[in-house]
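> next input, structure requested:
(one chain, ligands or ions: 2)
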Amino acid sequence: MTLRHFTDLSAISETELRAMLDDAASRKARLKAGEHSKPLAGKVLAMIFEKPSTRTRVSFDVGMRQLGGETIMLTGSEMQLGRSETIADTARVLSRYVDAIVIRTTAHERLLELTEHATVPVINALTDDTHPCQIMADMLTFEEHRGPVAGRTFTWTGDGNNVLHSLLEASARFRFNINIAVPQGSEPMDRYVEWAKKNGGKVRLMRSAEEAVDGSDCVVTDSWVSMGQEHRARGHNVFLPYQVNAALMAKAKPGALFMHCLPAHRGEEVTDEVIDGPHSVVFDEAENRLHAQKAVLAWCLGA
Ligand code: CP
Ligand code: NVA
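Residues are numbered from 1 along each chain as shown. Ligands and ions are numbered 1, 2, ... in the order given. Model (predicted):
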């Protein structure tokens, strides 16, 4: 059987992603109803983290346990990986012990190299370029609150980063429109924009956050400085016009949702008033990491 790696949304078909999302909703409902099935009993998941994490780490760990499996948490710096053992050799070795590997790393190529040499499924838990698990949780969250995401309009404002790249891929796979307002020099990478457009996504790149949120069903932002990008840090004044505050939210549709993958830098990319206000679904997103990733694990491991 071909290995099912969860590397990027662009690498998985629309039909499979939709099935995964529906499975996530169904697993969540069954869990809330008190059902505890253990389809991954006897399976072990290795989790390599080369960057900090709260949500991803805990939700994969809890999710795997809820499915009956076990986890091994590996911090990059405590592995031989941190003493220059190659990713390829790490993939070959871990594949002899475990049933699947989750990795959070720096360069996207490290994820791809792990995938190339592993003989078990590999799951992308964030790279410098993408964060697909986050976006599966966001799709689940949107649909729980507002119904089908197809045909809706999302606005991204702030820094054009890894989370945006996966949102761009999702816009094509789940067929919604995306307006992007970022300062000069913070644009998303061309290849993600071009891929989304080529695959049916409706993408608009703009400079004005006010124009971008107009008519929007969901406003999304993230930290102005991603992990490992500190050298690219730019003055707050550059980003301030892209802050999600009450005045900006008021320009979106009245029932628009506010999303943020967290951790948030309150007072920077979002104000307390918005993140703690009625539009915000940020803690539902965080919870849904658990349910979405259980569907990803089940898909990868055929459960
Ligand atoms: N949103 C997210 O991935 O959070 P962590 O960095 O805490 O895992
Ligand atoms: N863009 C952020 C996401 C954190 C979950 C980062 O890469 O640091």
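> so what's D23 up against?
A295, A298, W299 (C-beta atoms under 8 Å, 6 or more residues apart in numbering). The C-beta positions use only the backbone N, C-alpha and C, and glycine is treated the same way.
> which of these are buried? Put it as a ChimeraX command.
Per 16 or more other C-beta atoms under 10 Å, the buried members of the contacts of D23 correspond to this ChimeraX selection:
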select :295,298,299
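> adding distance to F176, pLDDT and secondary structure as columns, could you present the contacts of D23 in JSON lines?
Formatted as JSON lines, the contacts of D23 follow (distance: C-beta to C-beta, whole Å; pLDDT from 0 to 100; DSSP: H, G, I helix; E, B strand; the rest coil):
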{"residue": "A295", "distance to F176": "20", "pLDDT": "98", "secondary structure": "helix"}
{"residue": "A298", "distance to F176": "25", "pLDDT": "98", "secondary structure": "helix"}
{"residue": "W299", "distance to F176": "22", "pLDDT": "98", "secondary structure": "helix"}
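> filter the contacts of D23 down to the ones close to ligand 1.
Counting by C-beta under 6 Å from any ligand atom, nothing from these sits close to ligand 1.
> and of the contacts of D23, the nearest to ligand 1?
Distance to ligand 1 across those (C-beta to the nearest ligand atom) is lowest for A295, with 16.7 Å.
> from R110, how far off is the closest one?
25 Å (C-beta to C-beta, to the nearest Å).
> next one: G235
G235 is 30 Å from R110, where distance means C-beta to C-beta.
> more crowded one of those two?
Neighbour totals were compared for G235 and R110, and R110 leads with 20 against 8 (other C-beta atoms under 10 Å).
> list the buried residues for the helix or strand A137 falls within?
According to DSSP states H and E, A137 maps onto helix 132-146. Buried residues in helix 132-146, counted by 16+ other C-beta under 10 Å: 132-143, 146.
> count the residues that sit near H291.
Using other C-beta under 10 Å, the number of residues around H291 comes to 26.
> whoops, H231 was the one
6.
> which residues of the stretch 151-300 of the chain lie near ligand 1?
Counting by C-beta under 6 Å from any ligand atom, the stretch 151-300 of the chain sits next to ligand 1 at C261, L262.
> where does pLDDT dip in the stretch 151-300 of the chain?
Nowhere does the stretch 151-300 of the chain drop to pLDDT under 70.
> what does the stretch 101-250 of the chain have sitting close to ligand 2?
Along the stretch 101-250 of the chain, the residues adjacent to ligand 2 under the rule C-beta under 6 Å from any ligand atom are L126, N161, N162, V163, D222, S223, S226, M227.
> please repeat the previous calculation with a cut-off of 5 Å.
Contact residues (C-beta under 5 Å from any ligand atom) of the stretch 101-250 of the chain with ligand 2: N161, D222, S226, M227.
> closest to N245 among those?
D222 (15.5 Å; C-beta to C-beta).
> okay, the closest residue to the closest one other than its chain neighbours and T2: tell me how far apart.
With C-beta to C-beta, 6 or more residues apart in numbering as the criterion, D222 has its nearest non-adjacent residue at 5.0 Å, and that residue is V163. Distance of V163 to T2, given as C-beta to C-beta: 28 Å.
> of those two, who's got more company?
Set V163 next to T2 and count neighbours by other C-beta under 10 Å: V163 wins out with 26 against 4.
> which element, helix or strand, includes that one?
helix 162-173.
> give me the angle between that helix and helix 132-146.
In terms of direction (axes from the mean of the first three to the mean of the last three C-alpha atoms, to 10 degrees), helix 162-173 departs from helix 132-146 by 60 degrees.
> contacting residues around the helix or strand that helix 162-173 is followed by?
With elements assigned by DSSP H and E, the helix or strand that comes after helix 162-173 is strand 177-181. With C-beta under 8 Å, 6+ apart as the contact definition, strand 177-181 has outside contacts at 151-157, 160, 164, 167-168, 171, 187-188, 196, 201-209, 211-213, 216, 242.
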